[in-house]
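Student: got a predicted model here, sequence first, then my questions.
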Amino acid sequence: MNTESDPLHSNEKKSTLSNLLSFFNDRRDTPDDSRFMRSDERVNTVIDQSNFISRDLSWLRFNERVLDQAKNPERNLFDRLKFLAIASSNLDEFFTIRIGSLYNYLDYSKERVDYSGLREVPFRKTLLKAVHQFTKELHECYNRQLLPLFEDHKFRLVTLEDLDGEEQRKVSDYFDRTVYPMLTPMLYDYTHVFPVLLAKVLIFGVITQVKGSTSHEDRKLSFVQLPPNLPRFYPIERNDEILFLPIEEIVRAFITKLYRNVEMVSITLFRIMRNGDFSLDESDDIESDFIDEIKQKIKNRRLGRVVRVEVEAGAGEELMNLLKKRWEIDDYNVFNSEGLLDYTSFWQIVKHPEFKDQLPLVHPPVGPLGLGKERITDIFEVMRERDIMLHHPYNNFEPVLQLLEQAAEDPKVLSIKLTIYRLARKSRVTEALLRAAENGKHVAVLFEVKARFDEENNIREAQRLQKAGCFVIYGIGLLKTHTKLLLIVRNEGDRGVVRYAHMSSGNYNEETSRLYTDIGILTTNEEYTHDISEFFNVITGHSLPSNYRNLITAPRHMRSKLMELISQEAENARQGIDSGICIKINSLEDRQVIEELYKASQAGVKIRLIVRGMCCLRPGRKGLSENITVRSIVGNFLEHSRIFYFHNNGNPLMYGGSADVMVRSFDRRIESLFALVDEKVKQEAIHMLAYNLRDNVNAYELNEDGTYVKCTQNSGEAPFDIHQEFFKVTLEEVMEAKLFDSQVPDPTDIVCEVTLPPEQQDKV
């Protein structure tokens, strides 16, 4: 659907604003605002009766937990502003991808039934009503909880009227020299097509008229986009405080310089989001057509249909009616701001040098248990001795970087192969691979250029590697390569050829490794390295894999293998054998796996799920999922590791890797889970799960009705924050950790006391 086509250009219409508005108003069919207040009992009944929770509604619950961090008065103000910005950024992406995906169905009349049981049209209304409620909470958090604290922390948001004469002169000079040359009014009338307005950019809708005229016939509509490459706030130092003047207030004050000899009727600030969810058509020529297609898809995001309009308070009705008709949206898509437009801009304040010492201190990484406190001088020598479990960000990412950098310079190294999904902007990984290629080593990189919103950076880095002589594979057709694997082949003389490997749940990105919790294993285990060699042969050549020994891969058979493991626990429970399942993942959405978990629960298997983000499984429903609990950990670090535990009658089967339990992970991605075979490594993973089940600071419990409740400490119980406790782990604590042992209490029974609001107590 091309929503940028202009209906006026097929008609001989006068170039007046009144005719533009009447053209659209005559066709107005926007529903009444009272719909936001009506309770649709039928819709609620359908949602409540479903055995599954809506993916999108569950995601909104996740973003509520992020916003909850901004509401926490125990956090530093700048920390709270950070989480406000994160919640706002998350919501932007939600509209770009999830709402955008929904409109792919709506715009082309394709049928879709959500996990909630609702079809696409009623689901759109239900979802956007929920987003409106979330947005209201976002503004309330800012206005009532955060804004009043600004002055106490020696900064304020101001308008031009708050400045003295000298400060106003500096702002005026800044506008004339920097801002004014970058502004371009874009007229819309009979002779000018509707301009392409950019997403995530602040825009003024300006109505002007001939001086002295009172006739609507003399009015004109134009748009002014604020430069996205200028800072949102103009900082002014005054005595012992910093004043932040929003750029929109600067432009608003001096906008008459863009419109000389006409009168300003109205100026309205707004911001839009467009559909950024695109799919790729398979290309025969991967090396050229595929990359060109990716680049074109990125450009097309600029033209995607509008799915949200955020507008400042007091917006003119005539302008809004025109925009709604222009973009074929209604009041559900329009969000009237009760605060500042675009809270993501608070990163500028959070990162201001003046406040650097007010940010929470970051705990320095500790050494991996597998390395003790020894300094690594030769990473190859250490890896030959034992498998090493890395737990980021508690453990430094440095051993992985050292492995790559040492391999790049080591004359004994013959080849390096790895998969790349997301890289740091100034990546040491790329630099190591470039040096390796310059030193004559064979370097093969599967570079996933379809990594959402990182496409341009990935294409640029991949082409650098290709020019240096690396063998670069740009993904595998329509499948995204999401797995994280590294293989280094080294000729060690008397020892022969030795293969060194790294397997991980996280990206080869040294920046996010300080923010995301992930696990990785450094190993020379021949079973691992054989599997990884096979894997690379499959994805870089034309071969079918034999059975892997310690890898479970997608899209080949990951779903079926996980279902088999779940089913075996259910059979053990039916036979009276000890059973249990504990899974830590980012998202749980695949219907087939969820149904298998329901069957296991009904067979008596105790199932403990740790799902950070969206969860479509409904726990605790009588006769369906009474033996399943779900908790989410949201705090200082983004929980990104995936760990799967199956009790197996006391001889646990455990896996780690990059895959979530989602349809896309099983069917549309190249993924892998690796078995944890070393007993010490396995015990470390058990300890990680046990700590996650003990957390009573960052944890939220999922109720049967889809709501989450914050865990609190029992009376006399000390806070247990895993984002602090993992820095203090000892080997003794690791070796004592247990799951599903009948001789010790169930960890979830001693973790936290869940206190429900009175209105929810009768639902549990």
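Tutor: Structure's in. What do you need? Numbering: from 1, shown residues only.
Student: helices along the stretch 651-764 of the chain, start to end?
Tutor: Ranges of helices within the stretch 651-764 of the chain are 663-667, 679-694, 722-725, 731-736, based on DSSP state H, counting those that start in this stretch.
Student: so which elements touch the third one?
Tutor: Packing contacts for helix 722-725, counted by 3 or more CB pairs under 8 Å, 6 or more residues apart in numbering; DSSP states H and E, involve helix 679-694. Glycine gets a C-beta too; all of them are placed from N, C-alpha and C.
Student: touching the helix it packs on from outside, list them.
Tutor: Outside of helix 679-694, the residues within contact range by CB atoms under 8 Å, 6 or more residues apart in numbering are 369-370, 386-387, 389, 391, 519, 521, 582, 584, 608, 610, 631, 633, 641, 643, 645, 652, 654, 656, 676, 720, 722, 725-726, 729, 733-735, 737-739, 747-748, 750-751.
Student: now that we have these, which of them are buried?
Tutor: Among the contacts of helix 679-694, those classed as buried by 16 or more other CB atoms under 10 Å are 369-370, 386-387, 389, 391, 519, 521, 582, 584, 608, 610, 631, 633, 641, 643, 645, 652, 654, 656, 676, 720, 722, 725-726, 729, 734, 737, 739, 747-748, 751.
Student: including distance to Asn439 and mean pLDDT, could the helices of the stretch 651-764 of the chain go into TSV?
Tutor: As requested, these are exported to TSV (distance: least, CB to CB, whole Å; pLDDT from 0 to 100):
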stretch	distance to Asn439	mean pLDDT
helix 663-667	36	93
helix 679-694	32	96
helix 722-725	40	96
helix 731-736	38	93
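Student: could you dump these to a markdown table with distance to Ser172?
Tutor: Formatted as a markdown table, the helices of the stretch 651-764 of the chain follow (distance: least, CB to CB, whole Å):
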| stretch | distance to Ser172 |
| --- | --- |
| helix 663-667 | 52 |
| helix 679-694 | 55 |
| helix 722-725 | 47 |
| helix 731-736 | 62 |
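Student: remind me, longest helix of the chain?
Tutor: In terms of residue count, the longest helix belonging to the chain (DSSP state H) is helix 120-140.
Student: residues in contact with that helix: which ones?
Tutor: For helix 120-140, contacts defined as CB under 8 Å, 6+ apart pick out 35-36, 40, 43, 47, 54, 56-57, 60, 63-64, 67, 84, 87-88, 91, 94, 99, 102, 105-106, 110-114, 116, 118, 332-333, 335, 337-339, 343.
Student: which of these fall in helices?
Tutor: Mapping the contacts of helix 120-140 onto helices (DSSP H) picks out 43, 47, 56-57, 60, 63-64, 67, 84, 87-88, 91, 102, 105-106.
Student: closest to Leu617 among those?
Tutor: Leu57 (13.4 Å; CB to CB).
Student: surely that closest one is in contact with Gly706?
Tutor: Yes - Leu57 sits in contact with Gly706 when judged by CB atoms under 8 Å, with a separation of 6.8 Å.
Student: before we move on, the earlier item: narrow the contacts of helix 120-140 to those that are buried.
Tutor: Here, 16+ other CB under 10 Å leaves 43, 47, 54, 56-57, 60, 63-64, 67, 84, 87-88, 91, 94, 99, 102, 105-106, 114, 116, 118, 332-333, 335, 337, 339, 343 buried among those.
Student: follow-up on the earlier one: in the longest helix of the chain, what's buried?
Tutor: Here helix 120-140 shows 120, 122-131, 134-135, 137-139 as buried, counting by 16+ other CB under 10 Å.
Student: equivalent analysis for stretch 339-357, please.
Tutor: Residues Gly339, Leu340, Leu341, Asp342, Tyr343, Thr344, Ser345, Phe346, Ile349, Val350, His352, Phe355 are the ones in stretch 339-357 that count as buried (16+ other CB under 10 Å).
Student: mind picking the two most distant members of those residues?
Tutor: Spatial extent of those (CB to CB) is set by the pair Leu341 and Phe355 at 22.5 Å.
Student: OK, contacts around Asn396?
Tutor: Residues counted as contacts of Asn396 (CB under 8 Å, 6+ apart) are Pro365, Gly367.
Student: that one and Thr517, how far apart?
Tutor: 14 Å (CB to CB, to the nearest Å).
Student: go on, Ile539?
Tutor: Counting by CB to CB - Ile539 and Thr517 are separated by 27 Å.
Student: out of those two, which sits in the busier spot?
Tutor: When neighbours are counted by other CB atoms under 10 Å, Ile539 and Thr517 differ, and Thr517 comes out ahead with 26 against 21.
Student: torsion angles phi and psi at the more buried one?
Tutor: Torsion angles at Thr517 (phi, psi; degrees, to the nearest 10) stand at phi -90, psi 120.
Student: pretty sure it is touching Leu638, no?
Tutor: Yes - under the criterion of CB under 8 Å, Thr517 makes contact with Leu638 at 7.0 Å.
Student: now Met563, what's its secondary structure?
Tutor: With DSSP: H, G, I helix; E, B strand; the rest coil as the basis, Met563 sits in helix.
Student: my guess is it contacts Tyr598. True?
Tutor: No - because the distance of 11.8 Å does not satisfy CB under 8 Å, Met563 is recorded as not touching Tyr598.
Student: the two - which one has more neighbours?
Tutor: Legend: neighbour count by other CB under 10 Å for Met563 and Tyr598, higher for Tyr598 (24 against 19).
Student: check contacts around the more buried one.
Tutor: Asn51, Leu617, Leu624, Ser625, Ile628.
Student: just give the nearest non-adjacent residue to Ala436, would you?
Tutor: Distances taken as CB to CB, 6 or more residues apart in numbering place Ala408 nearest to Ala436, at 3.9 Å, with adjacent residues excluded.
Student: how near is the one you found to Gly165?
Tutor: Separation of Ala408 from Gly165 (CB to CB): 59 Å.
Student: and these two? which has more neighbours close in?
Tutor: For the pair Ala408 and Gly165, the greater number of neighbours falls to Ala408 (21 against 7), based on other CB under 10 Å.
Student: can I get the helix or strand where the more buried one lies in PDB? Just the C-alpha atoms.
Tutor: Assessed by DSSP states H and E, Ala408 sits inside helix 398-409. Backbone C-alpha positions of helix 398-409 (Å, rounded to 0.1, in the frame of the first residue of the first chain) are rendered in PDB as follows:
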ATOM      1  CA  GLU A 398      38.600 -10.200  27.000                       C
ATOM      2  CA  PRO A 399      39.500 -13.900  26.700                       C
ATOM      3  CA  VAL A 400      37.400 -14.100  23.500                       C
ATOM      4  CA  LEU A 401      39.100 -11.000  22.000                       C
ATOM      5  CA  GLN A 402      42.500 -12.300  23.100                       C
ATOM      6  CA  LEU A 403      41.800 -15.600  21.400                       C
ATOM      7  CA  LEU A 404      41.000 -13.800  18.100                       C
ATOM      8  CA  GLU A 405      43.800 -11.400  18.400                       C
ATOM      9  CA  GLN A 406      46.400 -14.000  19.300                       C
ATOM     10  CA  ALA A 407      45.100 -16.200  16.500                       C
ATOM     11  CA  ALA A 408      45.500 -13.400  14.000                       C
ATOM     12  CA  GLU A 409      49.200 -13.000  14.800                       C
END
